[in-house]
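Peer 1: sharing a model that was predicted from the sequence below.
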Amino acid sequence: SQFDNDPRIEEAVKFLRLCGDADASNRMEALEDLKFAAGDQWPTEIQNSRNLEARPCLTINKIDAYVRQVTNQQRQQRPRIKVHPTNTQADAKVAEVIEGITRHIELNSNADHAYDNAFDYSVRMGWGYWRVVTEYMREDSFDQEILIKPIDNPFTVYFDPNSTAPDGSDAERAIVTTMIPKAQFRQMYPGKDDGQGFQPKATGDDASEWMTKEDIRIAEYFWTERKKTTLVLLSDGTKIFKDELPSPEILLLAGIQIIDERPSYKKVIKWCKLTTMEVLEESDWPGRFIPIVPVYGQQVIVDDKRKKFGLVRFA
């Protein structure tokens with residue numbers, strides 16, 4: 001089997017196909033928007049016939065000015081992460097510290113560029129993305145830092161089609177994918193299978209979307225796992241999952257009793273980097289949400305399908 005019997009690879013391939021099918025018309029129209037905004041505004045057949053007749057094809061691109069009017073307003077009033085305290089004075093102090101940390105992360109990451117890039121794409125074609133990553137501070141360090149990074153090409157992201165939240169926080173799965181030359185892949189992952197024996201098959205075979213003679217697709221696959229569990233409330237106010245409780249003897253010695261319990265679940269965001277043959281890296285993401293944030297332009301539901309567009313579509 002081409003999937004190396006790993007269910008995660010099979011899942012990722014199916015999910016990529018699902019996203020491609022669900023978003024096909026949005027992607028096609030968005031690509032036309034991008035080309036139009038970049039000055040490619042003549043229908044191909046008219047352009048060809050004019051070239052044959054040696055007639056000029058002038059493009060006076062007015063769209064870019066309209067796009068910049070909107071994006072420049074956003075640059076003057078950039079979004080910032082704000083932390084609100086709830087009630088007490090102590091909460092206000094904690095909120096101040098957390099906001100200081102997030103401000104440092106934004107500054108350190110040059111987050112302005114990530115926000116501007118995503119917003120620019122949402123104005124031009126209807127949606128853009130930025131992401132949160134963790135990286136080691138230096139080559140000789142075990143400490144990691146949080147960074148906000150731009151996603152240069154929104155078409156490389158395949159986002160959960162069932163997500164409806166404006167910030168994408170309800171997404172269950174997502175893929176960020178890129179095609180790289182096999183020579184580069186061999187440098188990055190020595191000893192890993194680069195599909196040298198791969199035979200391209202007929203049109204419509206999904207394996208050919210993941211590999212060609214010269215290139216190979218690397219995908220970062222995020223997915224959500226939920227495990228049923230029981231949440232317990234202890235007499236000292238602590239809330240803890242039942243499977244993490246200390247032994248009854250320890251609780252008895254501490255004079256702590258169980259007051260209440262209710263059914264709940266544990267949510268884990270899983271991450272792995274894979275090709276169509278094998279999983280290259282894997283880990284659990286230390287957060288409750290998939291760390292890819294969409295920035296949407298206009299959306300409208302037409303005939304039960306979500307139509308996404310920006311400023312350029314009706315021009």
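Peer 2: Structure's in. What do you need? None of the values given here were measured: they were computed from a predicted structure.

Peer 1: where does the protein dip in pLDDT?
Peer 2: Where the chain drops to pLDDT under 70, the residues are 1-5, 196-208.

Peer 1: kindly export the lengthiest strand in it (C-alpha atoms) in PDB.
Peer 2: In the chain, with assignment by DSSP state E, the single longest strand is strand 215-234. Output in PDB follows, covering the C-alpha atoms of strand 215-234 (Å, rounded to 0.1, in the frame of the first residue of the first chain):
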ATOM      1  CA  ASP A 215       9.000  17.100  -6.400                       C
ATOM      2  CA  ILE A 216       7.600  15.700  -3.200                       C
ATOM      3  CA  ARG A 217       4.800  17.100  -1.000                       C
ATOM      4  CA  ILE A 218       5.400  17.600   2.700                       C
ATOM      5  CA  ALA A 219       2.300  18.200   4.800                       C
ATOM      6  CA  GLU A 220       1.800  19.300   8.400                       C
ATOM      7  CA  TYR A 221      -1.300  17.600   9.600                       C
ATOM      8  CA  PHE A 222      -3.200  18.900  12.700                       C
ATOM      9  CA  TRP A 223      -6.100  16.900  14.100                       C
ATOM     10  CA  THR A 224      -8.100  16.900  17.300                       C
ATOM     11  CA  GLU A 225      -8.500  13.900  19.600                       C
ATOM     12  CA  ARG A 226     -11.100  13.800  22.500                       C
ATOM     13  CA  LYS A 227     -11.000  11.300  25.300                       C
ATOM     14  CA  LYS A 228     -14.000  10.800  27.600                       C
ATOM     15  CA  THR A 229     -13.200  11.300  31.300                       C
ATOM     16  CA  THR A 230     -14.700  12.400  34.600                       C
ATOM     17  CA  LEU A 231     -14.100  15.800  36.100                       C
ATOM     18  CA  VAL A 232     -13.900  15.800  40.000                       C
ATOM     19  CA  LEU A 233     -14.400  18.800  42.400                       C
ATOM     20  CA  LEU A 234     -12.500  18.500  45.700                       C
END
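
Peer 1: any buried residues in that strand, and which?
Peer 2: Of all the residues in strand 215-234, those buried under the rule 16 or more other CB atoms under 10 Å are D215, I216, R217, I218, A219, E220, Y221, F222, W223, T224, V232, L234. Using the backbone N, CA and C atoms, a C-beta is placed for each residue, glycine as well.

Peer 1: now the two most distant members of the residues you listed.
Peer 2: Across the buried residues of strand 215-234, no pair lies farther apart than D215 and L234, at 55.8 Å, counting by CB to CB.

Peer 1: residues near D152, how many?
Peer 2: Residues lying near D152 (other CB atoms under 10 Å) number 11.

Peer 1: ignore what I typed, I meant I250.
Peer 2: Using other CB under 10 Å: I250 sits among 10 other residues.

Peer 1: so who does it touch?
Peer 2: Listed by CB atoms under 8 Å, 6 or more residues apart in numbering, the contact set of I250 is empty.

Peer 1: now it: how far from K239?
Peer 2: From I250 across to K239, the span is 17 Å (CB to CB, to the nearest Å).

Peer 1: backbone dihedrals for the residue of the chain most remote from its centre, both of them.
Peer 2: Residue farthest from the centre of the chain, counting by CA atoms, centre = their mean, is L253 at 47.8 Å. When read as degrees, to the nearest 10, the backbone of L253 gives phi -60, psi -40.

Peer 1: nothing else from me, thank you.
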